[in-house]
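Visitor: Quick one: sequence plus predicted model below, questions after.
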Amino acid sequence: MDGRSEAEATPGIELAPLSPPANLTAELVRRLAAEIRAGRLRPGDRLPTEQALMRQAGVSRTVVREAVAALRAEGLVLTRQGVGAFVADPAARGQVRIDPGEMRSLNDVLQVIELRIAIETEAAGLAAERRDPAALERITQAAAVFDRAVDAGESAVTQDLEFHRAIFAATGNSFFPRFLEFLGPMLIPRQTVRPYMEEPSARTAYLVRVREEHARIAAAIAAGQAAAARSAMRRHLTASRDRYARLAGQLALSERG
């Protein structure tokens with residue numbers, strides 16, 4: 001930082017409370033990104049604290065953390081552990097990225113998942129071939145943190161992202177993590193899908209299945225079984241694609257009705 005105090009580094013922006021049925025995470029991302037792009041939050045400025053954002057927007061800590069993670073994936077903010085999130089310098093931001101604003105339908109989400117199947121299947125295989133103890137520890141920890149989030153009833157978007165990030169890092173190929181930056185927040189599409197399109201019980205059951213799929217992927221990587229890791233990742237992402245295809249069908253029926 002440039003020596004400014006915390007008070008000076010945190011502009012006095014005020015966010016009106018968010019209201020359902022909009023996706024709260026996506027809406028908070030949109031509002032904060034608008035503040036950044038409009039110049040009301042300048043490069044180097046610290047974002048309001050978690051507590052301040054929770055109070056102003058009327059959302060939970062989970063929503064705030066997922067929004068900050070999405071902004072980081074978009075290259076709009078940088079986070080410093082124990083300090084906070086700061087607006088990134090535009091010159092340092094990636095120039096190519098899937099813009100969440102381009103995702104106007106579930107069919108767009110399905111196309112992104114198809115892209116992920118092609119790339120992440122191979123990433124899992126390479127991770128199994130090249131993993132080292134540090135990489136395995138990161139994958140194991142990411143899976144455990146995801147599990148705890150699911151048990152706590154959270155959407156676990158940030159934790160899901162870290163699991164996939166850990167696998168990409170385990171490939172030993174620096175271009176794989178850069179691919180995550182290209183996908184941005186679209187890597188975990190459930191944060192862009194309206195929550196009222198699906199019953200809470202169905203979403204919970206889905207996350208439990210994801211936990212089981214993560215466990216199979218992690219086990220294959222840990223065992224150095226590249227073919228099994230590729231197969232487990234492909235099944236994982238194919239199940240995700242099938243889920244969103246069903247939601248797209250349900251939405252089409254409801255709109256016709």
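Guide: Right, received. Where do you want to start?
Visitor: Would you agree residue 36 is in contact with residue 87?
Guide: Yes - under the criterion of CB atoms under 8 Å, residue 36 makes contact with residue 87 at 5.6 Å. (C-beta placed from N, C-alpha, C; glycine too.)
Visitor: Got the phi and psi for residue 152?
Guide: Backbone torsions of residue 152, given as degrees, to the nearest 10, read phi -80, psi 0.
Visitor: ok, it to residue 240 distance?
Guide: Plainly put, residue 152 is 21 Å away from residue 240 if you go by CB to CB, to the nearest Å.
Visitor: These two - which one has more neighbours?
Guide: residue 240 (22 against 9; other CB atoms under 10 Å).
Visitor: Packing partners of the helix or strand encompassing residue 117?
Guide: Secondary structure assignment for residue 117, by DSSP states H and E: helix 106-130. Where contact means 3 or more CB pairs under 8 Å, 6 or more residues apart in numbering; DSSP states H and E, helix 106-130 is packed against helix 157-170, helix 175-183, helix 200-222, helix 226-256.
Visitor: okay, and the common contacts of residue 36 and residue 87?
Guide: 76-77 (CB atoms under 8 Å, 6 or more residues apart in numbering).
Visitor: For the helix holding residue 117, buried residues please.
Guide: Residues 106, 108-110, 112-113, 116-117, 119-128 are the ones in helix 106-130 that count as buried (16 or more other CB atoms under 10 Å).
Visitor: Kindly provide the whole-number mean pLDDT of that helix.
Guide: Here helix 106-130 scores 91 as its mean pLDDT.
Visitor: now it, how far from the centre of its chain.
Guide: Relative to the centre of its chain, helix 106-130 is centred 15 Å away, using CA atoms, centre = their mean, to the nearest Å.
Visitor: Please name whichever of the helices and strands packed on helix 106-130 is nearest to residue 51.
Guide: helix 157-170 (17.9 Å; CB to CB).
Visitor: Tell me what angle that closest one forms with helix 226-256.
Guide: 150 degrees (axes from the mean of the first three to the mean of the last three CA atoms, to 10 degrees).
Visitor: what's next to helix 157-170, contact-wise?
Guide: 25, 65-66, 69, 73, 120, 123-124, 126-127, 130-132, 135-136, 138-139, 141-143, 145-146, 149, 176-177, 179-180, 187-188, 190-191, 210, 214, 217, 221, 233.
Visitor: Give me the ChimeraX select line for these, limited to the buried ones.
Guide: For the buried members of those, the matching ChimeraX selection, counting by 16+ other CB under 10 Å, is:
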select :25,65,66,69,73,120,123,124,126,127,131,135,136,138,139,142,143,145,146,149,176,179,180,187,188,190,191,210,214,217,221,233
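Visitor: picking that back up, just give me the lowest mean pLDDT stretch among the helices and strands packed on helix 106-130.
Guide: Of all the helices and strands packed on helix 106-130, mean pLDDT reaches its minimum on helix 175-183 (a mean of 78).
Visitor: Run through the neighbouring helices and strands of that helix.
Guide: Applying 3+ CB pairs under 8 Å, 6+ apart, we find helix 175-183 packed against helix 61-73, helix 106-130, helix 157-170.
Visitor: okay, the first one in CSV with CA atoms only?
Guide: Below are the C-alpha coordinates for helix 61-73, written out as CSV (Å, rounded to 0.1, in the frame of the first residue of the first chain):
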residue,chain,number,x,y,z
ARG,A,61,-20.7,-13.4,5.6
THR,A,62,-20.8,-16.3,3.1
VAL,A,63,-22.3,-14.1,0.4
VAL,A,64,-19.6,-11.4,1.0
ARG,A,65,-16.8,-13.9,0.8
GLU,A,66,-18.1,-15.5,-2.4
ALA,A,67,-18.5,-12.0,-3.9
VAL,A,68,-14.9,-11.1,-3.1
ALA,A,69,-13.7,-14.4,-4.5
ALA,A,70,-15.6,-13.7,-7.7
LEU,A,71,-14.1,-10.2,-8.0
ARG,A,72,-10.7,-11.7,-7.4
ALA,A,73,-11.3,-14.2,-10.2
